[in-house]
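Novice: Could you look at this predicted model? Sequence included:
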Amino acid sequence: GKIVESGGGLVQPGGSLRLSCTTSGFTTNDFAIGWFRRAPGKELEGVSCIGSADDSTYFANSVKDRFAISRDNAKNTVYLQMNGLKTEDTAVYYCAGYMKNYCEDYGLIPTDFGAWGQGTPVTVSS
């Protein structure tokens, strides 16, 4: 399977962006999909997840109430809607498939995910 992310760019603080994660070789109906990010000089952080079986979702505390995740199975695409962006949201955002069809409520463990995309950069700056 393969994943391609898109939608990143430069946005001012308080602005919005919608990232897309499109799969091929497997469908978004098969597995949960997770979003991660790596900020400059920092470790990979699990940001959000959406399940395929039960629409379960997970959001890191750092993005809760600002980010939303959704899925369009007809397009094999998962979206990450990012609102109220802050400078600390600046990072390369990655999408990956989870080994199960639901999201864990304790968060995202990178080694449990596969078919990583190449990432899409997001820069929040005035």
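Specialist: Looks like it arrived, so ask away.

Novice: Sketch out the low-pLDDT regions of the protein for me.
Specialist: Counting by pLDDT under 70, the chain contains no low-confidence residues.

Novice: Now with 80, please.
Specialist: Across the chain, residues meeting the criterion (pLDDT under 80) sit at 1, 53-55.

Novice: ranges for the strands of it?
Specialist: If you assign secondary structure with DSSP state E, the strands in the chain sit at 2-6, 9-11, 17-24, 33-38, 44-50, 57-59, 67-72, 77-82, 91-98, 113-114, 120-124.

Novice: Can you get me a residue count around the residue lying closest to residue 44 once chain neighbours are set aside?
Specialist: For residue 44, ignoring the flanking residues on the chain, the nearest one in space by C-beta to C-beta, 6 or more residues apart in numbering is residue 38 at 5.0 Å. Glycine gets a C-beta too; all of them are placed from N, C-alpha and C. A count of neighbours around residue 38, defined by other C-beta atoms under 10 Å, yields 14.

Novice: Now do the same contact list for residue 38.
Specialist: Remark: with contacts taken as C-beta atoms under 8 Å, 6 or more residues apart in numbering, residue 38 is in contact with 44-45, 91-92, 94, 119.

Novice: wait, which of the strands of the chain is closest to residue 106?
Specialist: The stretch from the strands of the chain with the least distance to residue 106 (C-beta to C-beta) is strand 57-59; that distance is 8.5 Å.
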